[in-house]
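1. only geometry, no sequence info:
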């Protein structure tokens, strides 16, 4: 009888170790995915001042848009909540799209090599950011599912694993901004 109890205890301990290791792996995947988003957002935030300066030279009456872009960039850099950052970044995307559309109203801006290069880089960053967000939300889904499933939730609660926050777009910003570059 004692050896049966010892075997059962051993099985339960092996299961607990296996579940704990899966939780750690999923949590680390979420952290890595968030880091990937952070890299792309940093790239975007580094492009913003350059883009604003190029546009500023050509568009004196767009000061409010430029000021809003700069303010949103500052807010994004100061935010660490994925949900709040998602809202700020969606507003920033909309304003950046608006800046890129300005080239149609300003032929000199449209002809600017600096503007064209920055716009190309911004489109590239937006594409990478879309993939990073999707990967992050998949990693969050996997972690949160594991934390919420029985019997794994017993180990998750015992070791105080927390559900991660999804990176969410608000309803009017769910679609990617349209950016068309003239060649």
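-> Structure's in. What do you need? Since we're looking at a predicted model, the values are computed, not measured.

2. starting at the chain centroid, how far to stretch 51-71?
-> For stretch 51-71, the distance between its averaged C-alpha position and the chain's averaged C-alpha position is 25 Å (C-alpha atoms, centre = their mean, to the nearest Å).

3. how about residues contacting that stretch?
-> The list of residues contacting stretch 51-71 from outside it, by C-beta atoms under 8 Å, 6 or more residues apart in numbering, reads 48-49, 92, 95-96, 98-99, 102, 105-106, 108-109, 112, 114-115, 118-119, 122. Any C-beta I mention is one placed from the backbone N, CA and C, and that applies to glycine too.

4. try 7 Å
-> Under the contact criterion C-beta atoms under 7 Å, 6 or more residues apart in numbering, stretch 51-71 has outside partners 48, 92, 95-96, 98-99, 102, 106, 108-109, 112, 114-115, 118, 122.

5. do the same with stretch 124-133
-> Here stretch 124-133 has contacts from 33, 36, 37, 40, 41, 43, 44, 47, 167, 176, using C-beta under 7 Å, 6+ apart.

6. ok, so of the contacts of stretch 51-71, who is nearest residue 146?
-> Among those, residue 92 lies closest to residue 146 (C-beta to C-beta), at 32.5 Å.

7. now that closest one: how far from residue 46?
-> From residue 92 over to residue 46 the distance is 13 Å, taken as C-beta to C-beta, to the nearest Å.

8. more neighbours: which of the two?
-> More neighbours sit around residue 92 than around the other of residue 92 and residue 46, counting by other C-beta atoms under 10 Å; the figures are 24 against 12.

9. list the contacts of the more buried one.
-> The contact partners of residue 92, taken as C-beta under 7 Å, 6+ apart, are 69, 72, 73, 76.

10. before we move on, what about residue 122?
-> Applying C-beta under 7 Å, 6+ apart to residue 122 gives the contacts 44, 47, 51, 96.

11. quick one: buried residues of the helix or strand where residue 124 lies?
-> Take DSSP states H and E as the rule and residue 124 turns out to sit in helix 113-148. Of all the residues in helix 113-148, those buried under the rule 16 or more other C-beta atoms under 10 Å are 115-116, 118-119, 121-122, 125-126, 128-129, 132-133, 135-137, 139-140, 142-144, 146-147.

12. how distant is that helix from the center of its chain?
-> Centroid displacement of helix 113-148 relative to its chain, using C-alpha atoms, centre = their mean, is 5 Å.

13. tell me which helix or strand comes right after it.
-> helix 152-158.

14. report the buried residues of that next one.
-> Residues of helix 152-158 classed as buried by neighbour count (16+ other C-beta under 10 Å): 152, 155, 156.
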